[in-house]
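S.K.: Model the structure of this input:
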Amino acid sequence: MTMFKELGISQEICETLAKKGIREATPVQEKAIPLARAGKDVIVQAQTGTGKTLAFLLPILEKIKPQADVAQALIVAPTRELAIQVAKVASIVGEAAGISSLVIYGGQDIERQKQKLRRHPQLIIGTPGRLLDHLRRQTINLSHVNKVVLDEADEMMKLGFIEDVEVLLKASAADRQFMLFSATMPPRVKALAAQYMKAPENIQIQSEHITLDAIEQVILDTTEENKIDRLCECINSDNPYLAMVFCHTKQRAHMVTMALAARGYLVDELHGDLSQVQRALVLKRFRKAELQILCATDIAARGLDIEGVTHVFNYDIPHDTESYIHRIGRTGRAGQDGKAVTFVNARQYDLLRRIEAGIKSRIRKEHSERHHKRLEKQAQIMQEIKKERQEKKAKAKPLSKYANRKGAAHKGRNDRSRRAKVRNKSNATKRSHMGKH
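M.R.: Sure, this is the predicted structure:
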């Protein structure tokens, strides 16, 4: 493995990373950092959990001029949670380099954000909507920003932020360096790269196994009617320390939360309808293990780094492989083992096969405790039937004297005499036919 010092990272930053237990670069960092430090536009395609945050943060911090009181770099993230996660890392590493940073996202007091922007942070991290709001209010100046990072570009496209990103790119310096990080490369993201990048370097990291090796993956066959019951069975049998339950919609997440709370579980919900204060409070309680279960939409599938998540339940099966990987990637982190359970009904097996093809692995099917009890009952019934047959056989009447003499296969019949009668009868019939002719 390559050390950060070999990639040109300063001694101060290397020491800060070492204190956090980070000493060696991951494959994506090893490939991306030298190109980014050289000022090249970069397209990096890699899954979650590969170390993408440091891959773009370290070269940016190395190039920012601490003495200049203007914004020089911009990192755009699709969700508040991801922006906050990046900002935490930037704050720790940036302090060692003497660089100030600011995170901006919706749900915060905009007046307080204005005050912080007047202090001229050199690195700005934010979500597209709030950044665009400040740009329209003319409370943020991006004209000196010559390094732009678009993190989780495919997710940005799904949320409909690509047009906002284009406005932000046009407001930045003309000679900007543009770095794009994404798990997949949909056509819309490719078009954005073609329009705003200059001879970009492409980096692709095949990392499915890095994310999934420590995770036990199983599927449970179920129906909509008994899905809640099956979820409760899993929770009761596995007794997770912290568990995340993923649903497709906000309404679905709320419904599952209410159903679990009614059964006495320590549970709360996380989705886009909550205010930032509510979301922060829920995450704080979950990190402190004051909650055992967090029901969430895909908004929590990226950017959340919570220690101690032992189980992930896909209450609703993901629509694609990338979403599946991001969801189950919340467990099995930091060298710990995890378990991911996906509920599937009879009409969803085609979707499951596509996910299996994407991760290049078959997911083991696991049967519920109720299924095992049913099999045990069937085995017990078969045993009783077998025993009853044996008892009937023992009480059966003894065979006739002929069977005793000639063997059980004879069963008391005298087939020789029967054959003789049949032969005599057939001869008589033939003679009668001959007389007629």
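
S.K.: C-alpha from now on. contacts and neighbour counts both.
M.R.: Noted.

S.K.: quick one: pLDDT of residue 411?
M.R.: In this prediction, residue 411 carries a pLDDT score of 52.

S.K.: How about residue 106?
M.R.: Reported pLDDT for residue 106: 85.

S.K.: List the buried residues for stretch 232-252?
M.R.: Applying a neighbour-count criterion of 16 or more other Cα atoms under 10 Å, one finds 234, 235, 240, 242, 243, 244, 245, 246, 247, 248, 250, 252 buried in stretch 232-252.

S.K.: packing partners for the helix or strand containing residue 32?
M.R.: Following DSSP states H and E, one finds residue 32 within helix 27-37. Applying 3 or more Cα pairs under 8 Å, 6 or more residues apart in numbering; DSSP states H and E, one finds that helix 27-37 contacts strand 42-45, helix 52-63, strand 201-204.

S.K.: Can you tell me which of those is most buried?
M.R.: strand 42-45 (a mean of 23; mean count of other Cα atoms under 10 Å).

S.K.: got the contact list for that strand?
M.R.: 28, 32, 35-36, 178-185, 193, 200-205 (Cα atoms under 8 Å, 6 or more residues apart in numbering).

S.K.: Direction included, what does that strand pair against?
M.R.: Strands that pair with strand 42-45, judged by DSSP bridges, come out as strand 177-182 (parallel), strand 201-204 (parallel).

S.K.: if we compare the ones you listed, which one ends up closest to residue 284?
M.R.: strand 177-182 (27.8 Å; Cα to Cα).

S.K.: Tell me which residues touch residue 222, please.
M.R.: Contacts of residue 222 (Cα under 8 Å, 6+ apart): 230, 343, 344, 345, 346.

S.K.: show me where the stretch 251-400 of the chain has strands.
M.R.: 267-270, 293-296, 309-314, 338-344, 364-365 (DSSP state E, counting those that start in this stretch).

S.K.: The fourth one: which residues count as buried?
M.R.: This means strand 338-344. 338, 339, 340, 341, 342, 343, 344.

S.K.: can you list these in CSV and add pLDDT?
M.R.: Output for the buried residues of strand 338-344, formatted as CSV (pLDDT from 0 to 100):
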residue, pLDDT
338, 90
339, 93
340, 93
341, 94
342, 94
343, 94
344, 93
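
S.K.: Among these, which one lies nearest to residue 327?
M.R.: residue 340 (8.9 Å).

S.K.: In three-state terms, label residue 21 for me.
M.R.: Using DSSP: H, G, I helix; E, B strand; the rest coil, the structure places residue 21 in coil.

S.K.: Could you check how many residues crowd around it?
M.R.: Residue 21 has 9 neighbours, counted by other Cα atoms under 10 Å.

S.K.: any idea of the pLDDT on it?
M.R.: 78.

S.K.: if I look at it, how far off is residue 325?
M.R.: Here residue 21 is placed at a distance of 25 Å from residue 325 (Cα to Cα, to the nearest Å).

S.K.: measure stretch 336-354 end to end?
M.R.: 27 Å.

S.K.: hmm, back to that, as TSV, the contacts of residue 222 with distance to residue 169 would be great.
M.R.: Below are the contacts of residue 222 laid out as TSV (distance: Cα to Cα, whole Å):
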residue	distance to residue 169
230	48
343	41
344	42
345	44
346	46
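
S.K.: closest to residue 219 among those residues?
M.R.: residue 343 (5.9 Å).

S.K.: So that closest one sits against residue 314, correct?
M.R.: Yes. The criterion here is Cα atoms under 8 Å, and residue 343 meets it with residue 314 at 6.2 Å.

S.K.: Report the contact partners of the nearest residue to residue 8 once chain neighbours are set aside.
M.R.: In space, and not counting its chain neighbours, residue 8 is closest to residue 34: 7.8 Å by Cα to Cα, 6 or more residues apart in numbering. Contact partners of residue 34, counting by Cα under 8 Å, 6+ apart, are 7, 8, 59.

S.K.: Same question for residue 224.
M.R.: Neighbour list for residue 224: residue 345 [criterion: Cα under 8 Å, 6+ apart].

S.K.: before we move on, back to that, in a markdown table, list the helices and strands packed on helix 27-37 along with mean pLDDT.
M.R.: As requested, the helices and strands packed on helix 27-37 are exported to a markdown table (pLDDT from 0 to 100):
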| stretch | mean pLDDT |
| --- | --- |
| strand 42-45 | 90 |
| helix 52-63 | 90 |
| strand 201-204 | 88 |
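
S.K.: Redo these as a markdown table? Include distance to residue 78.
M.R.: Output for the helices and strands packed on helix 27-37, formatted as a markdown table (distance: least, Cα to Cα, whole Å):
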| stretch | distance to residue 78 |
| --- | --- |
| strand 42-45 | 16 |
| helix 52-63 | 14 |
| strand 201-204 | 21 |
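
S.K.: Which of these sits closest to residue 15?
M.R.: helix 52-63 (13.0 Å).

S.K.: roughly how far is the helix or strand that comes right after the closest one from the heart of the chain?
M.R.: With elements assigned by DSSP H and E, the helix or strand that comes after helix 52-63 is strand 73-76. Relative to its chain's centre, strand 73-76 lies at 26 Å (Cα atoms, centre = their mean, to the nearest Å).

S.K.: now do stretch 83-95
M.R.: For stretch 83-95, the distance to the chain centre is 24 Å (Cα atoms, centre = their mean).

S.K.: try stretch 286-296
M.R.: So, by Cα atoms, centre = their mean, the centroid of stretch 286-296 is 17 Å from its chain's centroid.

S.K.: what's the answer for stretch 243-253, then?
M.R.: For stretch 243-253, the distance to the chain centre is 13 Å (Cα atoms, centre = their mean).

S.K.: repeat for stretch 346-359
M.R.: Distance, centroid of stretch 346-359 to centroid of chain: 14 Å (Cα atoms, centre = their mean).

S.K.: Show me which positions of that stretch end up buried.
M.R.: 351, 352, 355, 359.

S.K.: measure the first one to residue 158 for me?
M.R.: Meaning residue 351. Here the criterion is Cα to Cα. By it, residue 351 lies 19 Å from residue 158.

S.K.: right, so of the strands of the stretch 251-400 of the chain, which gets closest to residue 100?
M.R.: strand 267-270 (30.3 Å).

S.K.: just to revisit the earlier point, can you put the strands of the stretch 251-400 of the chain in CSV and add distance to residue 3?
M.R.: Listed next are the strands of the stretch 251-400 of the chain as CSV, based on distance: least, Cα to Cα, whole Å:
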stretch, distance to residue 3
strand 267-270, 38
strand 293-296, 37
strand 309-314, 29
strand 338-344, 29
strand 364-365, 38
